[in-house]
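Visitor: return atomic coordinates for the entry below.
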Amino acid sequence: MRRRVVITGIGAITPIGNSIEEMWKAQQEAKCGISTITHFDASRFPTTFAGEVKGFQLDKYVADTTPFQFSGKNIHYALGAARQAYDDSGLSDSDLDPGRLGVYLGAGEGQQDFLMIMSIIAQAQNTATGEVDLEVFTREGLARMHPQKEMEQEPNMTAGHLAAVFNAQGPNLNCLTACAASSQAIGEATEIIRRGDADAMISGGAHSMIHPFGVTGFNLLTALSTRNSSPQTASRPFDKDRDGFVLGEGAGILILEELEHAKKRGAHIYGEVVGYGSTADAYRITDIHPEGRGAIACMKMALQDAGLNTDEIDYINAHGTSTEVNDKVETLAIKQTFGEGAYKIPVSSIKSMMGHLIAAAGSVEAITCLLSIRDGVTPPTINYTTPDPDCDLDYIPNAARERKVRRALSNSFGFGGQNVSLIFSEYKA
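Guide: This is a model prediction of the structure:
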């Protein structure tokens with residue numbers, strides 16, 4: 001029999017709260033954390049708003065911030081969420097062998113100094129020809145770019161920092177499968193524990209793309225909402241009037257632990273990871289398959305892994321980005337997977353309240369599933385005002401709902417066609 005994997009600690013830094021309870025309270029009250037961008041001057045961009053983390057202070061979570069002075073927001077948020085989760089788990093008071101504690105993240109890249117890079121390009125540009133002199137660009141770059149700051153942008157650095165802070169000497173990995181990254185990290189960390197390569201894993205994700213390059217890229221893809229006059233109503237998953245997703249940022253970290261190890265030390269258990277599915281659309285880089293073949297296969301794989309029938313899922317936390325294609329195809333995929341039973345399962349997207357945390361989205365949504373199981377509450381999809389004939393499921397519109405949740409499914413679908421579904425269950429001995 002495979003080893004069972006439970007969750008014993010959770011932590012989050014999000015646009016609607018810098019703690020689990022603050023975030024969860026905001027979700028239950030249908031509050032929105034989306035507003036005008038303050039990280040940089042976005043006033044001339046097609047999109048001027050995002051879901052920014054507010055009031056975050058690294059020194060609240062790390063005694064000595066010096067090692068992280070050149071780290072970006074993504075790493076800082078991960079440190080904050082991981083400290084919450086690790087303390088919540090009680091692992092610091094256990095005799096866990098450091099070699100049996102690992103890290104598996106779905107963490108995004110750091111932020112580049114946009115103004116500096118642009119000034120170097122401008123300085124190296126030949127005004128007569130318009131071409132960039134590579135010799136000048138290289139010389140100025142070497143003189144002005146800080147090597148450690150550049151190194152801290154690499155996606156692997158977040159996992160490395162967490163390993164050092166928590167003395168996690170076991171497996172250390174990071175995947176960056178776009179918007180599915182942190183869900184995939186949780187799934188793969190689960191497999192590491194199941195097969196016996198670790199007893200506990202620090203897993204989840206962190207990301208911030210609220211910077212000029214990030215906003216520019218998504219604007220060029222015409223993926224972002226441009227509802228600049230009303231940022232708080234811009235993220236409207238499954239609503240007929242949706243016009244794109246809203247960028248968010250933050251981190252979600254979970255402590256995954258082998259069941260017997262957790263029981264032996266008397267740990268509090270939030271729930272169990274019972275199902276994991278991972279597929280690829282194998283279709284296009286930016287478009288999901290119009291018939292949802294990857295999403296369908298992914299959900300079915302998770303159900304098979306969990307040994308569950310379709311009528312045993314009580315809640316679906318949707319990927320629900322608020323783009324025209326994703327919401328329509330995800331709805332189709334849910335109906336193809338669950339049949340007529342799809343209309344009986346409440347579905348919601350918390351991206352309506354905090355925006356899309358990109359690589360970190362799945363981990364925060366996984367935590368939301370666990371809180372729904374704990375408290376018997378399903379969070380709403382806010383800004384749902386106009387039904388879309390192509391999106392005809394129960395999206396828990398605008399207000400949280402009390403409901404017994406024994407098992408919850410969380411979907412994460414990413415650019416490039418990555419699909420991940422996770423199933424969490426209430427813990428039963």
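Visitor: mind listing what's buried in the strand or helix carrying residue 118?
Guide: Taking DSSP states H and E as the criterion, residue 118 maps to helix 114-124. Going by neighbour count (16 or more other Cβ atoms under 10 Å), the buried part of helix 114-124 is 117, 120, 124. Where C-beta positions appear, they are placed from N, C-alpha and C, glycine not excepted.
Visitor: skip ahead from the longest helix anywhere in the chain and say which helix or strand is next.
Guide: Using DSSP state H, we find that the single longest helix of the chain is helix 73-89. Where DSSP H and E defines the elements, the next helix or strand beyond helix 73-89 is strand 101-105.
Visitor: residues in contact with that following strand?
Guide: Strand 101-105 is contacted from outside by 78, 91, 158-159, 162-163, 166-175, 182, 185-186, 188-189, 192, 197-206, using Cβ atoms under 8 Å, 6 or more residues apart in numbering.
Visitor: mind listing the strands it pairs with, and their directions?
Guide: Neighbouring strands of strand 101-105 in its sheet, by DSSP bridges, are strand 172-174 (parallel), strand 200-208 (parallel).
Visitor: coming back round to it: tell me the least confident of the buried residues of helix 114-124?
Guide: pLDDT across these is lowest for residue 117, at 90.
Visitor: may I ask you to confirm that residue 358 is in contact with residue 207?
Guide: Yes: using Cβ atoms under 8 Å, residue 358 makes contact with residue 207 at a distance of 4.6 Å.
Visitor: and residue 97, how far is that from residue 195?
Guide: The gap separating residue 97 from residue 195 is 17 Å, by Cβ to Cβ, to the nearest Å.
Visitor: residues in contact with residue 48?
Guide: Neighbours of residue 48 in contact, by Cβ under 8 Å, 6+ apart: 36, 37, 42, 228, 231.
Visitor: per-residue pLDDT of it, please?
Guide: 98.
Visitor: what separates it from residue 372, distance-wise?
Guide: For residue 48 relative to residue 372 (Cβ to Cβ), the value is 33 Å.
Visitor: still on that earlier bit, can you tell which of the strands paired with strand 101-105 is closest to residue 55?
Guide: Checking the strands paired with strand 101-105 against residue 55 by Cβ to Cβ gives strand 200-208 as the closest, at 15.1 Å.
Visitor: output that closest one as PDB, restricted to C-alpha atoms.
Guide: C-alpha atoms of strand 200-208 as PDB (Å, rounded to 0.1, in the frame of the first residue of the first chain):
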ATOM      1  CA  ALA A 200       7.700  15.800   4.900                       C
ATOM      2  CA  MET A 201       7.800  18.400   2.100                       C
ATOM      3  CA  ILE A 202       7.500  22.200   2.000                       C
ATOM      4  CA  SER A 203       5.500  22.700  -1.100                       C
ATOM      5  CA  GLY A 204       3.500  25.400  -2.900                       C
ATOM      6  CA  GLY A 205       4.500  28.500  -4.900                       C
ATOM      7  CA  ALA A 206       5.300  32.200  -5.100                       C
ATOM      8  CA  HIS A 207       5.200  34.700  -7.900                       C
ATOM      9  CA  SER A 208       4.900  38.400  -8.800                       C
END
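Visitor: excluding chain neighbours, what is closest to residue 73?
Guide: Spatial nearest neighbour of residue 73, excluding adjacent residues (Cβ to Cβ, 6 or more residues apart in numbering): residue 208 at 4.3 Å.
Visitor: count the neighbours of the one you found for me.
Guide: 29 (other Cβ atoms under 10 Å).
Visitor: rewinding a little: got TSV for the strands paired with strand 101-105, with mean pLDDT and distance to residue 73 too?
Guide: As requested, the strands paired with strand 101-105 are exported to TSV (pLDDT from 0 to 100; distance: least, Cβ to Cβ, whole Å):
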stretch	mean pLDDT	distance to residue 73
strand 172-174	98	17
strand 200-208	98	4
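Visitor: and residue 1, which of those is closest to it?
Guide: Residue 1 sits nearest to strand 200-208 of all those, at 19.4 Å, using Cβ to Cβ.
Visitor: after the closest one, next one along is what?
Guide: helix 212-220.
Visitor: packing partners for that following helix?
Guide: Contact analysis of helix 212-220 by 3 or more Cβ pairs under 8 Å, 6 or more residues apart in numbering; DSSP states H and E lists no helix or strand as a packing neighbour.
Visitor: who are the packing partners of whatever helix or strand comes next after that helix?
Guide: Using DSSP H and E, the next helix or strand after helix 212-220 towards the C-terminus is strand 249-258. With contacts defined as 3+ Cβ pairs under 8 Å, 6+ apart, strand 249-258 has these neighbours: strand 5-13, helix 73-89, helix 181-194, strand 200-208, helix 361-375.
Visitor: from those, which stretch is densest packed?
Guide: Each of those was assessed for mean neighbour count using mean count of other Cβ atoms under 10 Å. The highest is strand 200-208, with a mean of 34.
Visitor: let me know the angle separating it from helix 181-194.
Guide: Computed by axes from the mean of the first three to the mean of the last three Cα atoms, to 10 degrees, the angle separating strand 200-208 from helix 181-194 equals 170 degrees.
Visitor: check what pLDDT the nearest residue to residue 33 once chain neighbours are set aside gets.
Guide: Computed as Cβ to Cβ, 6+ apart, the closest residue to residue 33 that is not its neighbour in sequence is residue 15, at 3.3 Å. Residue 15 carries a pLDDT value of 98.
Visitor: what about residue 15, how many neighbours?
Guide: For residue 15, using other Cβ under 10 Å, the count is 28.
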